[in-house]
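**Q** one predicted model, sequence on top.
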Amino acid sequence: MRGYVTLPILLVLSTVVYIYYTTVFVVIDGWLGLSTAAGLANAAALTVLTLMAVVTYGMAVLKDPGHVPSSFAPDIEDNESPVHEIKRKGGDLRYCQKCLHYKPPRAHHCRICKRCVLRMDHHCVWINNCVGHENYKIFFVFMLYGVSACIHSLVLLIASACYELQKDQQQNGESFNKSYILCGALLCPLTVALSILLGWHIYLILHNKTTIEYHEGVRAMLLAEKVGNIYRHPYDIGLFQNLVLVLGPNVFCWICPVSKHIGSGLRFRTAFDFSIFRASV
């Protein structure tokens, strides 16, 4: 069902169109005026942010998050792969009974997509797609542009409302106030929700975790504490390297919706790789 236009997707797009239209043609035009330098600058900035948010949103909807090749088989004798994920019960190599193949590290089966997804983070109903290895950066960049556009629009809305209240204008007050109230009712919770989601994924990127791995790590940490051990997430390879793994080696391309650097998604560097390298040196 990936790529199909669903009701949540239509709701997202309709909300974006309404907020953008109200902000530009009601808030900016009524407060600063679209013929002024300040009005044009704010309208242009919001247009760019909104356009980038819509483009990256569409890419997140359409892009395959990454699937496990049918030929994949773990090589337990590979010295370059010191970490092999195993089942919690039994200790066997992870095998998907539904897809009938082994699971690479960090891959999980999505019951909605009905397949295993590489480096699966979660299934998002708002994009009708899984967020995984291939589209995680695009999803993150979408949130970044979305939050920026929402904050810009919210600041303009609040500033314009304060200005109108000070002037105490009564002309066209009923229709004007309805537009402000409806736009604010949509924009405030959307800004808060996207900001929280963005902050959550910034935390995950800095620690090189997925949402699934975070919850698995909480359980592993509690089990380790019971036997007096300290749990460490094996894929946490350092702050900068964690950022590079998701956003790419070129800092100037971190906010660009491109992800050609990410590799196959079948193997990931771990803290063990770095410890082996230091030991050999």
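**A** Cool, got the structure.
**Q** so who does residue 254 touch?
**A** Taking CB atoms under 8 Å, 6 or more residues apart in numbering, we find residue 254 in contact with 243, 247, 248. Where you see a C-beta, it was placed from the backbone N, CA and C, and this is true even at glycine.
**Q** top of those by neighbour count?
**A** Highest neighbour count within the contacts of residue 254, by other CB atoms under 10 Å: residue 247, with 21 neighbours.
**Q** from the chain's centre, how far out does stretch 33-46 sit?
**A** 29 Å (CA atoms, centre = their mean, to the nearest Å).
**Q** ditto for stretch 180-193
**A** 20 Å.
**Q** separation between the residue nearest in space to the middle of the chain and residue 236?
**A** Closest to where the C-alpha atoms of the chain average out (CA atoms, centre = their mean) is residue 140, at 3.2 Å. As judged by CB to CB, to the nearest Å, residue 140 and residue 236 stand 18 Å apart.
**Q** find the nearest non-adjacent residue to the residue nearest to the centre of the chain, please.
**A** Excluding the flanking residues, the one nearest residue 140 by CB to CB, 6 or more residues apart in numbering is residue 201, at 5.6 Å.
**Q** elements contacting the helix or strand that contains that neighbour?
**A** When elements are assigned from DSSP states H and E, residue 201 belongs to helix 173-206. Contacts defined by 3 or more CB pairs under 8 Å, 6 or more residues apart in numbering; DSSP states H and E place helix 173-206 against helix 7-22, helix 136-167, helix 239-247.
**Q** reformat the ones you listed as CSV; add mean pLDDT and distance to residue 188.
**A** Output for the helices and strands packed on helix 173-206, formatted as CSV (pLDDT from 0 to 100; distance: least, CB to CB, whole Å):
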stretch, mean pLDDT, distance to residue 188
helix 7-22, 96, 11
helix 136-167, 93, 7
helix 239-247, 93, 29
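**Q** return the most buried member of those.
**A** helix 136-167 (a mean of 19; mean count of other CB atoms under 10 Å).
**Q** so which elements touch that helix?
**A** Counting contacts by 3+ CB pairs under 8 Å, 6+ apart, helix 136-167 is packed against helix 7-22, helix 29-31, helix 37-62, helix 173-206, helix 239-247.
**Q** now do it against helix 239-247, angle only.
**A** 90 degrees (axes from the mean of the first three to the mean of the last three CA atoms, to 10 degrees).
**Q** between helix 37-62 and helix 136-167, find me the angle.
**A** Going by the same axes, to 10 degrees, helix 136-167 makes 150 degrees with helix 37-62.
**Q** I'd guess residue 4 is in a strand, am I close?
**A** No - read with DSSP: H, G, I helix; E, B strand; the rest coil, residue 4 is coil and lies in no strand.
**Q** for this structure, which spans come out with low pLDDT?
**A** For the chain, the stretches flagged by pLDDT under 70 are 1-3, 75-92, 168-177, 273-281.
**Q** could you redo the last one with a cut-off of 90?
**A** Filtered on pLDDT under 90, the chain yields the residue ranges 1-5, 30, 69-97, 100-102, 161-181, 216-234, 250, 257-281.
**Q** chain center to stretch 23-39: distance?
**A** 31 Å.
**Q** mind saving the C-alpha coords of that stretch as PDB?
**A** Output in PDB follows, covering the C-alpha atoms of stretch 23-39 (Å, rounded to 0.1, in the frame of the first residue of the first chain):
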ATOM      1  CA  THR A  23      -0.700  33.000   6.800                       C
ATOM      2  CA  VAL A  24       0.200  34.600   3.500                       C
ATOM      3  CA  PHE A  25      -3.000  36.100   2.200                       C
ATOM      4  CA  VAL A  26      -4.700  37.000   5.600                       C
ATOM      5  CA  VAL A  27      -2.000  37.400   8.200                       C
ATOM      6  CA  ILE A  28       0.900  38.900   6.100                       C
ATOM      7  CA  ASP A  29      -1.200  40.700   3.600                       C
ATOM      8  CA  GLY A  30      -3.400  42.200   6.300                       C
ATOM      9  CA  TRP A  31      -0.600  43.100   8.700                       C
ATOM     10  CA  LEU A  32       2.600  44.000   6.600                       C
ATOM     11  CA  GLY A  33       1.100  44.000   3.100                       C
ATOM     12  CA  LEU A  34       2.400  41.800   0.300                       C
ATOM     13  CA  SER A  35       3.700  44.900  -1.600                       C
ATOM     14  CA  THR A  36       6.100  45.800   1.200                       C
ATOM     15  CA  ALA A  37       9.700  44.500   1.500                       C
ATOM     16  CA  ALA A  38       8.900  43.000   4.900                       C
ATOM     17  CA  GLY A  39       5.800  41.300   3.700                       C
END
